[in-house]
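In: Quick check, what structure comes out for this input:
(one chain, ligands or ions: 2)
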Amino acid sequence: MSAQREMKEKNHWHKPVTIIITVIGVMAIVALVTVAVLQNRPLSQKYKYGIVMDAGSSHTALYIYAWPAEKDNNTGRVEQTHSCKVKGPGISSYASNPSKAGESLRVCMQEAKQLVPANHHSETPLYLGATAGMRLLNLEDSSASDRVFHAVEGALQKFPFSFQGARILSGQEEGAFGWVTVNYLDDRLKQGLETKGALDLGGASTQISFVSDTFDGSESPDNNVNFRLYGNDYNLYTHSFLCYGKDQALRMTLAQQTLSGPGSILDPCFHRGYTDTKNYSVLYDSPCVSKMKPQNATPTFTHKGGGDFLQCQDVIKRIFNFTHCKYNQCSFNGIFQPFLQGQYGAFSAYYFVMDFLNLTDTSIPLEDVKEKLKRYCATPWSELTQQHGNIKYLAEYCFSGTYIVTLLTEGYNFTSQTYPTIKYIKKIKGSDAGWTLGYMLNLTNMIPAEAPDTPPLPHAGYVSIVTIMAILLFVLFIVSLRPLWPRCSKQPHII
Ligand SMILES: O=c1[nH]cnc2c1ncn2[C@@H]1O[C@H](COP(=O)(O)OP(=O)(O)O)[C@@H](O)[C@H]1O
Ligand SMILES: [Ca+2]
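Out: Ligands and ions are numbered 1, 2, ... in the order given. Got it, this is the predicted structure:
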């Protein structure tokens, strides 16, 4: 018993003062680390939301984007959390019944109301941007397009979001914002990396946008958009070809084949065995073809398929004009285009069509792509319907695939060598490729012109260093108490 007391007396760790110092030391470390973590942690992960409606020529889609509230100015953080495809056609198709255009948006808007937390509704901006379908309607009948917008605005204002208006995007905006989306999602802008060009194929227009070192805008100012993003200047070439989306291009190709108003045509872009009765007044009801309408034709014609890729390419080439170019070089229709440069992301109908045709892999040589298309176009219609059933767009994929290859090679001057620089894409990191995200980033000033100041250390690194330093200090403190430590003497075992 006395030996035990003697040992206790010698062991300073059992002295109340040592115990108190140790407890205070541990508490100090815990307090220091807690304060450091709490003081410097990112604000609680509250999110902000934004909604963009893409009123395309063929249909309208709604996208919800979300980003951490305190990181408005950081790139790579805005993400698409939801998309909703509006049932029915694009809003321009409601020209004769505008209120139905507004009504058509209701289901997707209700969905957005459910998905965006109620306490964020009033601060969530809602934009509607219309593209080539409304551009064409506006050309054809501007009061009809005003009525459609009026109805759409009325319907959207009924929802609790912060509605920022509905408008037609210019072709330049559509091209440039598609380019911003692709490069923002790829994290190329903030890191100042070489950017990717953007190729967007819609139903009524198509856009090509890329940074060119040889283009300063002087040759063709209309095709030039300048951006300063994260401290880098971008000199963008962009052009939107109205009427060269795949649906209007199909109309123009059909118009080329029916100039004389025949009762039937054998169209090489459709499959053998395909036959349909088409109405001349419906086919020519678009500013893209209205001037070509044949006089004194029967009301309808029989549209039959010939299934020949090479002949299809020939009739498609006829919708491009290569005869005049007042610049050093042109794509087509006398439009300036600098030399192609870098990599390209091709999205929207480029992706849908090439995905259906199993041709999204651009390491397949261009010659093989054409060969595969040739075989596909030669497939009899009965065989295709047997294989796929009556799916939407089935009759048009031969035309659409041939149009894509022709537009890229004859129109934009891609070659067998440069074809692999194109990647067919649908989504990047979960967000759809398209103009909508770029449009919202621009309108909410979410991409700063200058590079934001970044803290020297990320939060996790900061916390680790504070913790290590605190532990180190404590160990040093304990070591400094060494004189008070018990002597290292062999003690007999006490039972
Ligand atoms: O699954 C699909 N397969 C083939 N084409 C599709 C599919 N989904 C959408 N598309 C096409 O993509 C195009 C989208 O164009 P959009 O409606 O955005 O027109 P716009 O951009 O010219 O205004 C339309 O031609 C539409 O038919
Ligand atoms: Ca589009």
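In: For the residue of the stretch 251-400 of the chain found nearest ligand 2, which residues count as its bridge partners?
Out: The minimum distance from the stretch 251-400 of the chain to ligand 2, using Cβ to the ion, falls at S348 (5.3 Å). Glycine gets a C-beta too; all of them are placed from N, C-alpha and C. Taking DSSP bridges as the rule, S348 bridges to L201.
In: got the contact list for it?
Out: Contact analysis of S348 by Cβ atoms under 8 Å, 6 or more residues apart in numbering lists 200-202, 433-434.
In: For the spatially most central residue of the chain, give me its contacts.
Out: With distances taken as Cα atoms, centre = their mean, the chain has A433 as the residue nearest its mean C-alpha position (2.1 Å). By Cβ under 8 Å, 6+ apart, A433 lies in contact with 178, 181-182, 185, 198, 345, 347-348, 351, 425-427.
In: Equivalent analysis for K100, please.
Out: Contacts of K100 by Cβ under 8 Å, 6+ apart are 94, 151.
In: host element of it?
Out: helix 98-104 (DSSP states H and E).
In: Of all the residues in that helix, which ones are buried?
Out: 98, 101-102, 104 (16 or more other Cβ atoms under 10 Å).
In: And stretch 427-441, by the same measure?
Out: Buried-residue list, stretch 427-441, by 16+ other Cβ under 10 Å: 428, 431-441.
In: now the end-to-end length of that stretch.
Out: 17 Å (Cα to Cα, to the nearest Å).
In: Please see if that stretch touches ligand 1.
Out: No. Residues of stretch 427-441 are not located near ligand 1 by Cβ under 6 Å from any ligand atom, the shortest gap being 7.8 Å.
In: Below-threshold pLDDT in the stretch 351-495 of the chain: ranges please.
Out: Where the stretch 351-495 of the chain drops to pLDDT under 70, the residues are 453-463, 466, 474, 477, 481-495.
In: which neighbours does the lengthiest strand in the chain have in its sheet, and in what orientation?
Out: If you go by DSSP state E, the chain has its longest strand at strand 232-242. Strand pairing for strand 232-242, determined by DSSP bridges: strand 205-211 (antiparallel), strand 224-229 (antiparallel).
In: Now that strand: buried residues?
Out: Quick answer for strand 232-242 (16+ other Cβ under 10 Å): 232, 234, 236-242.
In: and the stretch 351-495 of the chain, which residues reach ligand 1?
Out: 352-353, 393.
In: In terms of pLDDT, where does the residue of the stretch 251-400 of the chain closest to ligand 2 sit?
Out: Listed pLDDT for S348 reads 98.
In: Of all residues in this structure, which one is closest to ligand 2?
Out: Closest point on the chain to ligand 2, by Cβ to the ion, is G202, at 3.6 Å.
In: what about the closest residue to that residue other than its chain neighbours, distance to D361?
Out: Nearest residue to G202, sequence neighbours excluded (Cβ to Cβ, 6 or more residues apart in numbering): G245, at 4.1 Å. Note on G245: its distance to D361, by Cβ to Cβ, to the nearest Å, is 24 Å.
In: Between the two, which has more neighbouring residues?
Out: G245 (29 against 11; other Cβ atoms under 10 Å).
In: wait, isn't the more buried one in contact with G203?
Out: Yes. If you go by Cβ atoms under 8 Å, G245 and G203 touch, sitting 4.5 Å apart.
In: Can you get me a residue count around the residue lying closest to L441 once chain neighbours are set aside?
Out: Closest residue in space to L441, ignoring its immediate chain neighbours: I447 at 5.3 Å, by Cβ to Cβ, 6+ apart. For I447, the count of nearby residues is 20 (other Cβ under 10 Å).
In: so I447 touches N232, yeah?
Out: No. Applying Cβ under 8 Å, one finds I447 not in contact with N232, separated by 10.8 Å.
In: Name the residues contacting each of those two.
Out: Common neighbours of I447 and N232 (Cβ under 8 Å, 6+ apart) are L189.
In: any low-confidence regions in the stretch 51-200 of the chain?
Out: For the stretch 51-200 of the chain (pLDDT under 70), the answer is 71-76.
In: Residues of it that sit close to ligand 2?
Out: By Cβ under 5 Å from the ion, the part of the stretch 51-200 of the chain that sits against ligand 2 consists of G56.
In: what do you get if the cut-off is 8 Å, keeping everything else the same?
Out: For the stretch 51-200 of the chain, the contact set with ligand 2 under Cβ under 8 Å from the ion comprises 54, 56-57, 131-132, 174, 200.
In: roughly how far apart are whatever residue of the stretch 101-250 of the chain ends up closest to ligand 1 and Q256?
Out: Residue nearest to ligand 1 within the stretch 101-250 of the chain (Cβ to the nearest ligand atom): G202, separated by 2.2 Å. The gap separating G202 from Q256 is 21 Å, by Cβ to Cβ.
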